[in-house]
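J.: Okay, here's the prediction I keep looking at, along with the sequence it came from:
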Amino acid sequence: MPDVYNKVTELDAAVAGQLADAMELRAKDPAQQAMLAAYLAGLDLPDNAAVVEIGCGTGAISRALAARPGVGEVTGVDPSPVFLDRARELSAGAANLSFRQGDGRDLPLPGASFDLAVMHTVLATCLTRPACSRRRSGCCARAARWRSSTATTTR
């Protein structure tokens, strides 16, 4: 069965909405929260750090990153306008959080503009797109810190 996320921009809005609901539900799962805390633990970010989340979906991880001490701004990037609408809705009022539509293979962001790049449960999807796994866009050139997780939990 093909990965639905590889064609996320082509999905019917209702199906994309169901996926958005599932993303938010998964982000609330204690095992997912523990995984995120574990791989972000010990980050030594500069004051006012700039963070990008590639493949942010509904922004659950971007919201968690924006709430971390020392993080100045978080930019979430995702190809799905439906997911981004949900992300903006759920992050209303977070002054240090913004979202942009774009593809992780060619990010619509200025060069060398982030201290940390995060791809949370994205690599499993983009490994079927060879360019995604081989290339880290110029916007992340200064990002000496990369955090990525392909782990998911099932019950």
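T.: Structure received.

J.: in stretch 30-38, what counts as buried?
T.: Gln32, Met35, Leu36 (16 or more other Cβ atoms under 10 Å). In short, each C-beta sits where N, CA and C put it, glycine included.

J.: now, which of those residues sits nearest Val118?
T.: Minimum distance to Val118 across the buried residues of stretch 30-38 is 9.4 Å, recorded for Leu36 (Cβ to Cβ).

J.: would Val74 count as being in a strand?
T.: Yes. Judged by DSSP: H, G, I helix; E, B strand; the rest coil, Val74 forms part of a strand.

J.: Who's the closest spatial neighbour of the residue positioned nearest the centre of the chain, skipping the chain neighbours?
T.: Using Cα atoms, centre = their mean, the residue of the chain that lies closest to the mean C-alpha position is Cys56, 2.7 Å off. Nearest non-adjacent residue to Cys56, counting by Cβ to Cβ, 6 or more residues apart in numbering: Gly76, 3.1 Å away.

J.: quick one: pLDDT of the one you found?
T.: Looking at Gly76, its pLDDT reads 95.

J.: Work out for me the element the residue nearest to the centre of the chain sits within.
T.: Assigned by DSSP states H and E, Cys56 falls within no helix or strand.

J.: how much space is there between it and Leu84?
T.: 8 Å (Cβ to Cβ, to the nearest Å).

J.: what residues are up against Ile61?
T.: Ala27, Leu36, Glu53, Val118, His120 (Cβ atoms under 8 Å, 6 or more residues apart in numbering).
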